[in-house]
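# sequence and predicted model, in that order:
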Amino acid sequence: MRPTTYATDTDLKDRAILVSLVTNEIKRSSGDPEHSLQELVNLAETAGVEVLTSMTQNKETPDSKWFIGKGKVEEVRSAAEELGATTVIFDQELSGAQVRNLEETLDLKIIDRTQLILDIFAQRAKTREGIIQVELAQLSYLLPRLSGHGKNLSRLGGGIGTRGPGETKLETDRRHIRDRISDLKGMLDEVVRHRTLHRERRRKSGALQVALVGYTNAGKSTLLRELTNADVYVENQLFATLDPTSRNLELPSGKEIILTDTVGFIQNLPHDLVAAFRATLEEVNEADLVLHVVDSSSPNREEQMAVVEKILGELGAAGKQMITVYNKIDLCPDDGSCMKPASGEHTIAMSAYNREDLMKLLELIQGKLAGETRTFVFPAERGDLISLAYRTGDVLAQIVDGDAVRVTVLVNKQDYEVHGYKLKEFAEHV
């Protein structure tokens, strides 16, 4: 990302008032507004903001000019003067005109939930791919709102809303930003091409792929580290992992698979961010098995699970073979409020720090991927079919019997669904 275009003082810390508008539509579409507001507190703290207080406004519909209404804006102004706030963060997305009106009235930096999430991603992006994806998302968000972020873009000082392309001066014209977006999309296309080539190589090598998905801070990176001894960043904060990480994982049978950690999901994940990270998230579509990691100690686990399932549906991965991993049972209270489902074919309740639980998970993964044992009888001259049998699973035995070859295979379910139709007529019926 480009460096800042104006002087900053990184010692200045945003002091923010958080504001949430609760309408009937927001209740229907977003679930629990209180949970969303608490999540906004966590997001703000993750971004390095000092949260002073939070305020809620109930209205039938958003105010087109002020979003929360002129009267509530005056309340926010009084609170900001009393508490010494420098920033107001809204839990919903604002239009450019609403941002401009609020800035002019409050004389404070105005940030919405989407911009806050994008800012956190800008802090966390380390690889070239991650930086490209975040900048593309930020510019796509910024372009239609240029006229509404005058003070955000010209105000001296560091903090949220001033990282990455958010630092671009207002006089930067739309054409320049559109050109930059076009360049970034070209770079991302190249990333997609390389990623596709890597996937094809993995597929040709017969390596099975398992993807970790889940709500942010559900414990995916901890699980990856404990299963593979990977040197990955693990921290109890939102979006601790941004760039995808893949590691080899050995199953109890000795077979190696590839385990990939992905970026965490969150309620109201910005559309531009999902679009920019599609190349990364497509790892989920290519996976033979998805592990949906759930923070079972969270009181909002069901809403979080619903968010993950919704985003998986948007990615076209809703029908993937899946194991639901109810993680963090070691953090569950003893009052019975925690979700502790019985482990079965599709679920497991566990702690990523418990070795016995990890072994049970490995056995569950192995069972999901292994499929069942099948025996095929091929004409000896059909080397193509014999090779296909090897690509469809683990060959347990191969016996030459005259003009025929009998091959016993522990088939991989996913591969057998794709290639099995070529082999089925040669299956030995017992």
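Now that the structure is in, tell me what you want to look at.

# for residue 362, list the residues it contacts.
Neighbouring residues of residue 362 by Cβ atoms under 8 Å, 6 or more residues apart in numbering: 227, 249, 251, 252. C-beta here means a position set from N, CA and C on the backbone, and glycine is covered the same way.

# helix or strand for it, which one?
helix 355-370 (DSSP states H and E).

# what is the burial count for residue 355?
Residue 355 sits with 9 neighbouring residues when counted by other Cβ atoms under 10 Å.

# how close does it sit to residue 210?
19 Å (Cβ to Cβ, to the nearest Å).

# then residue 134?
Distance check for residue 134 against residue 210: by Cβ to Cβ, it reads 26 Å.

# for the two, indicate the residue with more neighbours.
Between residue 134 and residue 210, counted using other Cβ under 10 Å, the more crowded position is residue 134 (27 against 22).

# wait, a helix at that one?
Yes: Residue 134 sits within a helix when classified using DSSP: H, G, I helix; E, B strand; the rest coil.

# I'd say it and residue 122 touch.
Yes: in this structure, residue 134 is within contact of residue 122 by Cβ atoms under 8 Å, at 5.2 Å.

# on that earlier part again, the helix holding residue 362: which residues count as buried?
Using 16 or more other Cβ atoms under 10 Å as the test for burial, helix 355-370 gives 357, 358, 361, 362, 364, 365, 368, 369, 370.

# as a markdown table, those residues with pLDDT and distance to residue 276 would be great.
Converted to a markdown table, these look like this (pLDDT from 0 to 100; distance: Cβ to Cβ, whole Å):
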| residue | pLDDT | distance to residue 276 |
| --- | --- | --- |
| 357 | 95 | 35 |
| 358 | 95 | 33 |
| 361 | 95 | 31 |
| 362 | 94 | 34 |
| 364 | 92 | 33 |
| 365 | 92 | 30 |
| 368 | 85 | 31 |
| 369 | 84 | 31 |
| 370 | 74 | 36 |
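
# closest to residue 197 among these?
residue 369 (23.6 Å; Cβ to Cβ).

# next structured bit after the helix or strand hosting residue 35?
Assigned by DSSP H and E, residue 35 falls within helix 33-46. Next in sequence after helix 33-46, counting helices and strands by DSSP H and E, comes strand 50-58.

# each with direction, which strands does that next one pair with?
strand 15-22 (parallel) (DSSP bridges).

# tilt between the partner strand and helix 33-46?
Counting by axes from the mean of the first three to the mean of the last three Cα atoms, to 10 degrees, strand 15-22 points 160 degrees away from the direction of helix 33-46.

# residues touching strand 15-22, excluding its own?
33, 36-37, 40-41, 44, 49-59, 62, 67-68, 72, 76, 79-80, 83-92, 111.

# still on that earlier bit, for the helix holding residue 35, buried residues please.
33, 35, 36, 37, 39, 40, 41, 43, 44, 46.

# which stretches of the stretch 151-300 of the chain form helices?
Along the stretch 151-300 of the chain, counting by DSSP state H, counting those that start in this stretch, helices occupy 174-204, 220-228, 271-276, 278-286.

# tell me which other helices or strands the shortest one touches.
When contacts are defined as 3 or more Cβ pairs under 8 Å, 6 or more residues apart in numbering; DSSP states H and E, helix 271-276 sits against helix 113-124, helix 128-142.

# could the ones you listed go into JSON lines alongside distance to residue 302 and mean pLDDT?
Output for the helices and strands packed on helix 271-276, formatted as JSON lines (distance: least, Cβ to Cβ, whole Å; pLDDT from 0 to 100):
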{"stretch": "helix 113-124", "distance to residue 302": "21", "mean pLDDT": "88"}
{"stretch": "helix 128-142", "distance to residue 302": "28", "mean pLDDT": "87"}
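
# so residue 273 makes contact with residue 119?
No: Residue 273 is beyond contact range of residue 119, at 11.3 Å (criterion: Cβ under 8 Å).

# which one of the two has more residues nearby?
residue 119 (25 against 22).

# so the more buried one touches residue 47, yeah?
Yes: with contacts defined as Cβ under 8 Å, residue 119 counts as touching residue 47 at a distance of 5.6 Å.

# nearest residue to residue 216 other than its sequence neighbours?
residue 264 (3.0 Å; Cβ to Cβ, 6 or more residues apart in numbering).

# what's the neighbour count on that neighbour?
24.

# right, and it touches residue 219 too?
No: contact between residue 264 and residue 219 fails when scored by Cβ under 8 Å: they sit 9.9 Å apart.

# quick one, phi psi at residue 217?
phi 70, psi 30 (degrees, to the nearest 10).

# tell me, how many residues neighbour it?
Per other Cβ under 10 Å, the neighbour tally for residue 217 reads 23.

# just the pLDDT at it, thanks.
Note for residue 217: predicted pLDDT of 86.

# cool, and residue 237?
So residue 237 comes in at 57 (pLDDT).

# can you name the residues bridging to residue 87?
residue 16, residue 109.

# relative to the whole chain's centre, how far out is the helix holding residue 362?
How far helix 355-370 lies from its chain's middle: 24 Å, per Cα atoms, centre = their mean, to the nearest Å.

# thought residue 272 was touching residue 133?
No: applying Cβ under 8 Å, one finds residue 272 not in contact with residue 133, separated by 10.0 Å.

# ok, those two, which is more surrounded?
Remark: of residue 272 and residue 133, residue 133 carries more neighbours, 27 against 18, as counted by other Cβ under 10 Å.

# excluding covalently adjacent residues, which one is nearest to that one?
Nearest residue to residue 133 in three dimensions, chain neighbours excluded: residue 276, at 4.3 Å (Cβ to Cβ, 6+ apart).

# likewise for residue 220?
residue 212 is the one closest to residue 220 (Cβ to Cβ, 6+ apart), at 4.3 Å.

# next: residue 409.
Per Cβ to Cβ, 6+ apart, closest to residue 409 is residue 393, 4.6 Å.

# please report the distance of that neighbour from residue 274.
34 Å.

# centre of the chain versus stretch 107-116, how much separation?
With Cα atoms, centre = their mean, you get 22 Å for stretch 107-116.
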